[in-house]
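J.: Would you be able to build a 3D model of this:
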Amino acid sequence: MRLLHTSDWHLGHTLHDFGRELEHSRFLDWLADTLERESIDALLVAGDVFDSANPPASAEKAWYDFLARVARRLPLLDVVVVGGNHDSAARLDVAAGILSAFGVHVVGGWPIGPGEAPDLDRLLVPLGARRSPGEPWAWVAAVPYLRMADLPSSSGDPVDEVVEGVRARYEEILAQARSRRRPGQALVATGHCYMAGGELSELSERKILGGNLHALPVDIFGPDVSYVALGHLHRAQAVKGREEVRYSGSPLPLSVDEAAYPHQVLVCEFEGGELSGVRPVRVPRTVDILRLPNGGPAGVETLMRELRELDVAGARPAAEWPYLDVHVVLQEPQPDLKRQVEEAIAGRAVRLVRIGWESPGDGATLAEQQPGRGLAEIDEETVFVARYRQTYDGDVPPDLLAAFHEVREAAARGELG
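T.: All right, here's what the predicted structure looks like:
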């Protein structure tokens with residue numbers, strides 16, 4: 001049996017105000033083709049279907065169009081979707097009843113049944129039951145992103161309380177899954193969480209469960225769990241050396257620092273209820289990310305030369321133009337840097353998403369630069385000069401210092417603001 005694991009689609013995402021509709025559309029087309037080409041039996045989406053709790057209508061349309069297309073092309077495919085921290089649990093769950101008729105099982109938030117007990121009919125999903133009624137090849141503990149309100153209350157250290165609360169929920173559901181599991185059936189779990197030892201993509205991942213201090217230990221999942229399909233971290237990876245506990249990563253780069261990373265989905269094969277292999281399948285990239293200067297942050301002259309030499313074809317729709325991220329080292333203030341960059345790329349088929357910069361200063365604080373002096377002994381010019389040296393590692397140019405004095409005097413006269 002084959003399962004395809006993916007997560008963190010973030011439909012509706014924008015990259016520095018540029019929409020990603022075309023990229024997501026191409027990904028969903030590719031994914032539908034891949035499900036058919038790879039003869040996939042079950043699709044698991046481990047959270048963050050959408051980029052926000054209130055996604056644009058175009059993102060919701062893309063989501064439902066994809067599900068309808070897959071249901072037509074692969075009527076026996078099982079689809080299991082759990083909510084992530086970016087998703088609205090209620091928005092995902094609102095269509096769960098209708099979607100279940102097409103083999104799509106959605107658990108947007110922690111479901112509660114009669115008597116405040118977990119709704120096991122929603123949390124435990126048999127895979128393959130429509131092919132062989134009464135004989136599923138796997139059971140999925142379909143656990144969504146757990147919010148603080150979903151955890152059992154206890155006393156003690158707040159961090160441990162969160163970790164142990166999550167552990168208790170998984171123990172509860174996995175125990176029920178084990179009671180239904182029969183020999184030869186795989187036991188699969190989902191999760192949208194931050195596991196200890198996971199590699200972050202710093203620019204695009206939102207802290208969850210009160211912060212990534214609440215890293216979950218991998219022993220939450222016992223050795224009898226055949227596979228754990230995780231979401232939240234945007235880089236595909238196994239957790240703590242356990243090949244069966246994996247993040248699939250996001251299918252699209254969600255920040256410029258993911259430019260060189262090969263985004264992928266994971267195809268997992270099972271034999272006799274056991275995981276026999278995991279194979280990454282690279283997602284084709286619709287839009288490139290260009291990061292200049294090529295050798296890393298460099299001076300403005302180097303950047304401008306590379307921008308002038310930039311060779312990008314313009315005979316394609318603007319939605320396919322590469323994103324451009326530039327990062328320079330400034331020896332002194334460059335207030336017109338953005339204008340220089342925009343003029344250099346005028347008429348070129350690129351979209352500027354970010355201008356980053358760094359400086360050669362030592363970063364020393366005012367207290368470190370002026371040891372033993374109190375604030376009453378330090379005037380505004382001293383602070384200005386110290387801040388400049390902290391950033392640029394040099395003396396303030398005379399024209400800039402003159403401008404500072406002009407502003408300070410205008411402020412003293414009450415002429416500002």
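J.: Chain neighbours aside, what residue packs nearest to residue 310?
T.: The spatially closest residue to residue 310, leaving aside those adjacent along the chain, is residue 348, at 6.1 Å (C-beta to C-beta, 6 or more residues apart in numbering). In short, each C-beta sits where N, CA and C put it, glycine included.
J.: In contact with residue 288, which residues?
T.: 322-323 (C-beta atoms under 8 Å, 6 or more residues apart in numbering).
J.: any idea how far it is from residue 329?
T.: 24 Å (C-beta to C-beta, to the nearest Å).
J.: Doesn't residue 92 lie inside a helix?
T.: Yes. According to DSSP: H, G, I helix; E, B strand; the rest coil, residue 92 belongs to a helix.
J.: Quick one: neighbours of it, just the number.
T.: Neighbouring residues of residue 92 were enumerated by other C-beta atoms under 10 Å; the total is 24.
J.: what does the one 4 residues further on give?
T.: Other residues within reach of residue 96, judged by other C-beta under 10 Å, total 16.
J.: so what's the nearest residue to it once chain neighbours are set aside bridging to?
T.: Nearest-residue entry for residue 96: residue 106, 4.3 Å, with adjacent residues in sequence omitted and distances by C-beta to C-beta, 6+ apart. Note on residue 106: beta-bridge partners by DSSP bridges are residue 81.
J.: For residue 106, give me its contacts.
T.: Under the criterion of C-beta under 8 Å, 6+ apart, the contact list for residue 106 reads 81-82, 92-93, 95-96, 99-100.
J.: TSV for the residues you listed, including distance to residue 22?
T.: As requested, these are arranged in TSV below (distance: C-beta to C-beta, whole Å):
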residue	distance to residue 22
81	23
82	27
92	24
93	29
95	25
96	29
99	26
100	31
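J.: which among the residues you listed end up buried?
T.: Among the contacts of residue 106, those classed as buried by 16 or more other C-beta atoms under 10 Å are 81-82, 92-93, 95-96, 99.
J.: what residue ranges in the stretch 201-350 of the chain score low on pLDDT?
T.: The model of the stretch 201-350 of the chain has pLDDT under 70 over residues 201-214, 313-314.
J.: what about the strands in the stretch 1-150 of the chain?
T.: 2-6, 14-15, 18-19, 42-46, 78-82, 104-107, 124-127, 138-141 (DSSP state E, counting those that start in this stretch).
J.: and the second one, average pLDDT?
T.: Read it as strand 14-15. The pLDDT scores in strand 14-15 average 94.
J.: residues in contact with it?
T.: Contacts made with strand 14-15 from outside it, assessed by C-beta under 8 Å, 6+ apart, are listed as 20, 51, 254-256, 323, 353.
J.: so which of those would you say is closest to residue 268?
T.: residue 254 (23.3 Å; C-beta to C-beta).
J.: tally of neighbours for the closest one?
T.: Applying other C-beta under 10 Å, we find 22 other residues in the vicinity of residue 254.
J.: Can I take it that it is in a strand?
T.: No. Membership of residue 254 in a strand is not supported by three-state DSSP, which gives coil.
J.: Tell me how the protein divides into domains.
T.: 2-282, 289-412 (automatic domain parsing).
J.: Residue 30: what's its closest spatial neighbour, skipping adjacent residues?
T.: Across the structure, with C-beta to C-beta, 6+ apart as the measure, the residue nearest residue 30 apart from its sequence neighbours is residue 284 (6.1 Å).
J.: what about the helices in the protein?
T.: Under the criterion DSSP state H, the chain contains helices at 21-37, 57-73, 89-93, 96-100, 120-123, 158-180, 300-308, 337-345, 366-369, 380-392, 398-412.
J.: Residue 94 versus the residue nearest to residue 96, what's the distance?
T.: Shown here: residue 106 relative to residue 94, a distance of 9 Å by C-beta to C-beta.
J.: How about residue 45?
T.: Residue 45 sits at a distance of 17 Å from residue 94 (criterion: C-beta to C-beta).
J.: So which of the two has more stuff around it?
T.: Neighbour tally, residue 45 and residue 94, criterion other C-beta under 10 Å: the higher count belongs to residue 45, 26 against 13.
J.: Show me what the more buried one is bridged to.
T.: Beta-bridge pairing of residue 45 under DSSP bridges involves residue 6, residue 81.
J.: Distance of it relative to residue 81?
T.: Per C-beta to C-beta, residue 45 is found 4 Å from residue 81.
J.: cool, residue 330 as well?
T.: Distance check for residue 330 against residue 81: by C-beta to C-beta, it reads 46 Å.
J.: now do residue 191
T.: Spatial separation of residue 191 from residue 81 under the definition C-beta to C-beta is 13 Å.
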